[in-house]
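**Q** curious how this folds, go ahead:
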Amino acid sequence: MRVLVTGASGFAGSLLIPRLQREGFELRAFVRDPARLRIPIAWQVETVRGDVISGAGLAQALEEVEVAYYLIHSMDGAAGRDFPEQERIAATNFATAASAAGVQRIVYLGGPLPHNREASRHLASRLAVERILLDAVPASVALRASIVIGAGSRSFRFLVRLIERMPVLALPAWQRHRTQPIDARDVIDMLLAAAHVPSVAGRALDIGGPEVLSYGEIIERIAELMLVGRAAIGLPINATPIAARFAAAIAAEDPELVLPLMESLGGDLLPAEDHAAELLGVRLHSFDAAVEHALAEWEAIEPLRAR
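**A** Numbers count the residues shown, from 1 in each chain. As a prediction, the model looks like this:
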């Protein structure tokens, strides 16, 4: 089976490619900058350079592909467009090219939908991309994850940096809201299974770990597993625009990324259905195991400042 991985140099793509390689798939990677793609010479991975916004390289990348992974997420504005418009254009270009090439299934990693409240710009954009892809190739599969726990996960790294650099954790009112963070290893297992499991064709599946945790509990548990003592103070308000820029400055992160993420924390983000792992044949890791594995992988590359 020939498989295309977009976003191959990103967090999910860089973890998925080795798994697909070991499973014996015929691999092709679609990237804007091949220099960022670190692949051992012994691996048989064809590389196609291109861009989903302009559509350059898509026809070549999708030629004779049966399954295409769409792992492109962008919250950075480009050419005067905000990120929802950018994501819509990218998804439309990709979906049109995939349909024309006869791709049998697109596998997309998106975000969860809130219940009983309006979706944030970030999550509404994820849903729009999901619909574009599934409408174009009806047997496609969308996996909806909230916080992914992994050494390369930008949201996880953001939380770790805040814990490292704040002697007292001032948590806005959204700390009470709940979600189900998931181990990056489980996400990759599900992405791999989603390429071929017949029963999930045409479906959007909420994926989450085995534990329901508030955002405050997530931060406190990560601090405990980092073996650092941090007092936590709950704030009575959200003040999201101010809090996002303050947190971004502390974590040395882009505020234009942090603000949309914090806008998504206005309520619970829990799976509507909780059987994706069973459908895809994946055994879930606990939250603590996920954090410990992610921290160990992080420290194998660079030291954690707090330790």
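**Q** helices along the protein, start to end?
**A** Counting by DSSP state H, the chain has helices at residues 11-22, 58-62, 83-101, 121-136, 154-165, 184-194, 215-225, 240-251, 255-263, 276-280, 287-301.
**Q** pretty sure residue 135 contacts residue 95?
**A** Yes: taking CB atoms under 8 Å as the definition, residue 135 is a contact partner of residue 95 at 7.3 Å. For the C-beta atoms, the positions are set from N, CA and C on the backbone; glycine is no exception.
**Q** dig out what residue 70 forms beta bridges with.
**A** Using DSSP bridges, the bridge partners assigned to residue 70 are residue 108.
**Q** residues near it, how many?
**A** Neighbour count for residue 70, taken as other CB atoms under 10 Å: 27.
**Q** contacting residues around it?
**A** 6-7, 91, 94, 106-109, 129, 133 (CB atoms under 8 Å, 6 or more residues apart in numbering).
**Q** shaky segments in the stretch 101-250 of the chain?
**A** 234-248, 250 (pLDDT under 70).
**Q** gap between residue 192 and residue 200?
**A** To residue 200, residue 192 is 12 Å away according to CB to CB, to the nearest Å.
**Q** got the contact list for stretch 128-138?
**A** 70, 84, 87-88, 90-92, 94-96, 98-99, 103-106, 108, 110, 140, 142, 144, 201-202, 204.
**Q** rewinding a little: looking at residue 135 and residue 95, which has the bigger crowd around it?
**A** Shown here are residue 135 and residue 95; by other CB under 10 Å, residue 95 has more neighbours (23 against 11).
**Q** so that one makes contact with residue 103?
**A** No: applying CB under 8 Å, one finds residue 95 not in contact with residue 103, separated by 9.4 Å.
**Q** how many neighbours does the nearest residue to residue 271 once chain neighbours are set aside have?
**A** With CB to CB, 6 or more residues apart in numbering as the criterion, residue 271 has its nearest non-adjacent residue at 3.4 Å, and that residue is residue 206. Number of residues near residue 206 (other CB under 10 Å) recorded here: 21.
**Q** and residue 206, what is it in contact with?
**A** 112, 144, 271-274, 276.
**Q** check the gap between the closest residue to residue 2 other than its chain neighbours and residue 64 for me.
**A** With sequence-adjacent residues excluded and distances taken as CB to CB, 6+ apart, residue 2 is closest to residue 26, at 4.4 Å. With the distance defined as CB to CB, residue 26 ends up 9 Å from residue 64.
**Q** neighbour count for these two, which is higher?
**A** Neighbour totals were compared for residue 26 and residue 64, and residue 26 leads with 15 against 11 (other CB under 10 Å).
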